[in-house]
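> sequence first, then the predicted structure:
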Amino acid sequence: MFPVAGLGTRFLPATKAIPKELLPIVDRPLIQYAVDEAREAGIEQMIFVTGRGKTAIVEHFDTAFELETTMRERGKSLDILEPTRFPPGDIITVRQQVPLGLGHAIWCARAIVGDEPFAILLPDELMVGEPGCMKQMVAAYEEVGGNLISVLEVPREEVSSYGVIDPGEERGTLTEVRGLVEKPPINEAPSNKIVSGRYILQPEVMRTLEDQEKGAGGEIQLTDAMARMIGGQPFHAVTFAGRRFDCGSKTGFVEATLALALEREDMGEEVRAIAKRLLG
């Protein structure tokens, strides 16, 4: 599931007519990275929770007959479009009509999820690793089941900007989650492990969200619903072995673009030279 109904106001005016999730990191839309990560993990059905003005996201994963016909006529390969194609029925969309928060967006897809566990990927969080974050989580899920969230360790002085776990027993990259604290003061944070935008949850969370009261920002928070489930079901965190880029911020978006461009064989050297020149 991909919650993509947000307005993207931090990127205005670029996002006035273009969904934030379609802004490119080098030459791939941000949403494409998250979808590719899900596919790598073996996930086949994609659910987009959209809002008004977000139909272009669905169009991106549709068959573009005119474009493909023109490319064939000009003798161009269609391989570059392959990641944007899905078999019929594997893309499902549902509308979040009112902006009531992440928890509400997830709840909007309750009829699609039914009684099955499901994954959530927040496209703003660009997770780069080999294997990808969700594949690492699926491997952990096969071991412990229950509910899983991805976490990253950050410097202690940064914890007050994030949701933080209260850790229990640790075993390798797995940590038992005893509680969740949203943006705690540095001296009160139970750990330096922050929640990083990837989840595998049991369908019971939908029932919890049904009567979840509004939390921070006057919105229905997924973190609050997950906290209520701790103790009733197994709940673990997986420490992601990789890098995270916060593409919900402009500086994080630029950092991700530069970092991924530098790693490209077709442009890395040129971009490195440009960066050196700009930095004097």
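That came through, no problem.

> what about the protein, any weak spots by pLDDT?
The chain contains residues with pLDDT under 70 at 216.

> which residue sits closest to the most centrally placed residue in it, ignoring its sequence neighbours?
Most central in the chain under Cα atoms, centre = their mean is Leu122, positioned 2.2 Å from the mean C-alpha point. Counting by Cβ to Cβ, 6 or more residues apart in numbering, the nearest residue to Leu122 once its immediate chain neighbours are dropped is Gly197, at 3.8 Å. Every C-beta, even on glycine, is put in place using the N, C-alpha and C of the backbone.

> so the closest residue in space to Thr173 that isn't next to it in sequence bridges to which residues?
Here the nearest residue to Thr173 in space, its sequence neighbours aside, is Thr239; by Cβ to Cβ, 6+ apart that works out to 4.6 Å. Beta-bridge pairing for Thr239 (DSSP bridges): Val151.

> show me where the protein has strands.
2-3, 24-25, 28-29, 46-50, 91-95, 118-121, 125-128, 147-153, 163-171, 174-182, 193-201, 235-239, 243-246 (DSSP state E).

> using JSON lines, please lay out those together with distance to Cys108 and mean neighbour count.
Formatted as JSON lines, the strands of the chain follow (distance: least, Cβ to Cβ, whole Å; neighbours: other Cβ atoms under 10 Å):
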{"stretch": "strand 2-3", "distance to Cys108": "9", "mean neighbour count": "24"}
{"stretch": "strand 24-25", "distance to Cys108": "27", "mean neighbour count": "16"}
{"stretch": "strand 28-29", "distance to Cys108": "22", "mean neighbour count": "18"}
{"stretch": "strand 46-50", "distance to Cys108": "6", "mean neighbour count": "22"}
{"stretch": "strand 91-95", "distance to Cys108": "5", "mean neighbour count": "15"}
{"stretch": "strand 118-121", "distance to Cys108": "12", "mean neighbour count": "22"}
{"stretch": "strand 125-128", "distance to Cys108": "20", "mean neighbour count": "22"}
{"stretch": "strand 147-153", "distance to Cys108": "20", "mean neighbour count": "23"}
{"stretch": "strand 163-171", "distance to Cys108": "21", "mean neighbour count": "17"}
{"stretch": "strand 174-182", "distance to Cys108": "22", "mean neighbour count": "19"}
{"stretch": "strand 193-201", "distance to Cys108": "15", "mean neighbour count": "24"}
{"stretch": "strand 235-239", "distance to Cys108": "23", "mean neighbour count": "24"}
{"stretch": "strand 243-246", "distance to Cys108": "25", "mean neighbour count": "19"}
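
> now do the contacts for Met226.
Met226 sits next to 147, 149, 180, 199, 201, 205, 235 when contact means Cβ atoms under 8 Å, 6 or more residues apart in numbering.

> so how far is Met134 from the residue lying closest to the fourth one once chain neighbours are set aside?
Read it as Tyr199. The shortest distance from Tyr199 to any non-neighbouring residue, by Cβ to Cβ, 6+ apart, is to Ile120 (4.2 Å). Here the criterion is Cβ to Cβ, to the nearest Å. By it, Ile120 lies 10 Å from Met134.

> which residues do the two both contact?
Here Ile120 and Met134 share the contacting residues Arg198, scored by Cβ under 8 Å, 6+ apart.

> where do the helices of the stretch 1-150 of the chain begin and end?
Under the criterion DSSP state H, counting those that start in this stretch, the stretch 1-150 of the chain contains helices at 30-40, 55-60, 65-73, 102-107, 110-113, 133-144.
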